[in-house]
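J.: Output the structure for:
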Amino acid sequence: MRYQVAALLTGLVTVLALAGAATFVWLSVGAADDDRRQIAAESEIEAVQAALRSRIDGLQAYASALLQEQDITSFAVRGTDPPEVLDQGRISRGGADYILISGPGRVLVYEDGIGGSIVNGVEDVVPEAVYLLDGAVDGGIFDFVDGPVLAAGASTSPGLERAAVSLGVLLDQQALTSMVSDPSRQLTLAWAGSDAPPPGVQILPGTSPGRVSIVAPLDLARAQRTLVAVIDAPASALPAPAGDGLSRWVMILTAIGLAGAIGFLLIVRTMATSVADVRRGLVAAQERDGSPAVLDSLAGRDEVGRMAQQAANTLRSLRERTVQAIDEARVATARQLLGEHVIRSMHEGVLVERSDTTCIVCNPAASSLLEVQPGDIVGLRGTLNDVLGAELYHRMRERAANPNASQRLDVVQLAGRDLAFDAYQVPEYRGEGHSLLIIIRDVSAVLEVEQLKRDVVSVVSHELRTPLTVVALSIGMMQEPGADQTQLIDAAERNVQRMRELVDDMLDLARLESGQTELNIERYNPIQLCRDVCDFLRPQADEKQVVVRDAVDGDIPQVIEVDGRQIQRAVTNLVTNAIKFSPAGSTVWLVLRDGGDRLFIDVADAGPGVPAEEYERVFTRFYRASNTRDKISGTGLGLPIVRQIAEMHGGTAELLPTEQGAYFRITLPVASRVA
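T.: Next comes the predicted model:
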């Protein structure tokens, strides 16, 4: 306490001495010179206020002119589309930076200008902003975030058709320079802090030698704070002060001030020593993880001692609260990380949209299913409506709002997949709204399995019904007198064989796809293997009046290592299909081609071919080309078996484009060539 009392007494004595000396100087120097300087300074301030009032009058006149526009009045009252005249920037608002249009009941209809919203520039709408909504008919300078704003406006008569226009000019340095006629003057405006400046005009030293600063509050301010104008002008703009007597007394005042300052510094130095001890105690407490033991030793009765004790108590409290906050933060972070990890690892797509339509979650599954980048939609408003489409997005919002809907899933084709969408409402944290949660599942495989089941039932029922009918009829006719039993038995055997082949194809394809079939790799001559297929199928081709020819193109290896039985079956399936779909009198070609480290087995026919959009689908189970399915029977299993056999050998099976017929190719890798 002794430090503060000594400092207060020293400062009080110094202030009293300076005040007495200043009073004497003021009386000695004479008031005449000061009066002249004061009048000149007030004239400078009045010129500034006149320029500002003139600008206000211009804004009010232009606001009144805008209200004469029928488009402006209709827009303010009925909220129609903004008139085209407002699109011309500052030209359309009389050179003003801001424009604000309000309708009946002080409803904000339109707002534009630099620096963002002039009404919403602060958290709460201040009275100045409400004044602008009323039309700012009187004009004035307002306090906004961007700085002082000179605003004025006009309004129509009150009532349901009331309209108001307010125009504002940001009083930045460029605008203020344009309002000062003399280029040697520089005008600046600033809002005073909590301590309002004294009324009247003050003359202060300028920013550089030979200049003075004229400071005064402006009566045009329309704010809770005082607006201060500072004119930096040449010293010659004001009458010269009486310098001789003033200089002498300035020296006296300076000496008194120095004496008081030296005494004050001595006291402050003594206090600083104690404060330094407290500072060292705080540093030591920091090094000891917040332990306040060192500060306890500095506690005493004076202000510094009590400050040390209070600092120790504060450290203890902060230490306890910090430990508690760290524990809570660890738990919250662990929960958040767990939730994020679960969402990111989900196979289902997850989208979350806040009540303001801002997307806040898009996990990797949703990004992949919708073929979008999370950065393109997360953090933006209205992006889910764009990605999902207006119709699907609207259905999702309706479904989320109705949790008791009988049908929860909405299956649509999007991005080339069959996707099932479901939606829920989730309460927002610390908010009254609800977020939209959308779950996306890829059900393409499920629908494909369902379609496959239907295809199996359709094909099997069709392909088995006909031979079973023939077998049943053959057995029934055997009991009739005079029946040709040999012919009937042959017909029954052929149809039984047909059913056996269908069942074998289904079982073989299932074994191939499941990996249960093991390859029996041996050395085979590919040319002889293909010729054996041609010889085997030649009777079938002759019956169809189709010629089967084989050829070799290039340096074909004499020996390859494959499962001969499986490769022969694949080639047989291709040639059989070619014979089946070829017209009478045409030729089916089986060609071996050299592909370097690969061997090409090509089968070409002159049949109806396959539509280009179905090239890949013909290799799926039970699928048959749309241009032949109603004309020629089949199971749709031959080509899938061909592809499975080729892929088991590390090769491929594909349908190549051709102008006529169908052109199939089996590609097999050739590890080595044996002469």
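J.: Please, which helix or strand holds Leu592?
T.: Secondary structure from DSSP states H and E places Leu592 in strand 587-594.
J.: Now that strand - C-alpha only, CSV.
T.: Only the C-alpha atoms of strand 587-594 are listed here, as CSV (Å, rounded to 0.1, in the frame of the first residue of the first chain):
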residue,chain,number,x,y,z
THR,A,587,-18.5,-70.4,-93.6
VAL,A,588,-17.4,-70.5,-89.9
TRP,A,589,-13.7,-69.6,-89.5
LEU,A,590,-11.5,-70.9,-86.6
VAL,A,591,-8.2,-69.0,-86.8
LEU,A,592,-5.1,-69.1,-84.7
ARG,A,593,-3.1,-65.8,-84.6
ASP,A,594,0.3,-64.9,-83.3
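J.: Quick check, Arg523 in contact with Ile560.
T.: Yes: the pair Arg523 and Ile560 qualifies as a contact (C-beta atoms under 8 Å) at a distance of 7.4 Å. All C-beta atoms are positioned from the backbone trio N, CA, C, and that covers glycine.
J.: Can you give the contact residues for stretch 427-446?
T.: 348-356, 360, 365-366, 369-370, 384, 388, 396-397, 400, 411, 417-426 (C-beta atoms under 8 Å, 6 or more residues apart in numbering).
J.: out of Arg523 and Ile560, which sits in the busier spot?
T.: Comparing Arg523 with Ile560 by other C-beta atoms under 10 Å, the one with more neighbours is Ile560, at 24 against 11.
J.: ok, now which ones touch the spatially closest residue to the more buried one that is not a sequence neighbour?
T.: Nearest residue to Ile560, sequence neighbours excluded (C-beta to C-beta, 6 or more residues apart in numbering): Pro526, at 5.3 Å. Taking C-beta under 8 Å, 6+ apart, we find Pro526 in contact with Ile556, Pro557, Ile560, Leu592, Leu599, Ile601.
J.: quick one: which two of those residues are the most distant?
T.: Farthest apart among the contacts of Pro526 by C-beta to C-beta are Pro557 and Ile601. That separation is 12.6 Å.
J.: ok, those two, which is more surrounded?
T.: For Pro557 and Ile601, the more surrounded residue by other C-beta under 10 Å is Ile601, and the numbers stand at 24 against 17.
J.: and the more buried one, backbone torsions?
T.: Main-chain torsions, Ile601, degrees, to the nearest 10: phi -110, psi 110.
J.: Tell me the secondary structure at the nearest residue to it once chain neighbours are set aside.
T.: Spatial nearest neighbour of Ile601, chain neighbours left out: Ile666 (4.2 Å); criterion: C-beta to C-beta, 6+ apart. Three-state call for Ile666 (DSSP: H, G, I helix; E, B strand; the rest coil): strand.
J.: I'd guessed Ile666 sits against Ala646; true?
T.: Yes: checked against C-beta under 8 Å, the pair Ile666 and Ala646 is within contact range at 5.2 Å.
J.: Quick check: neighbours shared by these two?
T.: Residues touching both Ile666 and Ala646 by C-beta under 8 Å, 6+ apart: Ala570, Thr652, Ala653.
J.: Determine the number of other residues adjacent to the residue lying closest to the second one once chain neighbours are set aside.
T.: Spelled out, that is Thr652. Leaving aside its sequence neighbours, Thr652 sits nearest to Thr667 (C-beta to C-beta, 6+ apart; 4.8 Å). Neighbour count of Thr667, defined by other C-beta under 10 Å: 18.
J.: Is there a neighbour count for Glu371? I'd like the number.
T.: The tally of other residues near Glu371 (other C-beta under 10 Å) stands at 11.
J.: Can you pull the phi/psi pair for it?
T.: phi 60, psi 50.
J.: Could you do Asp112 as well?
T.: Main-chain dihedrals, Asp112, degrees, to the nearest 10: phi -160, psi 150.
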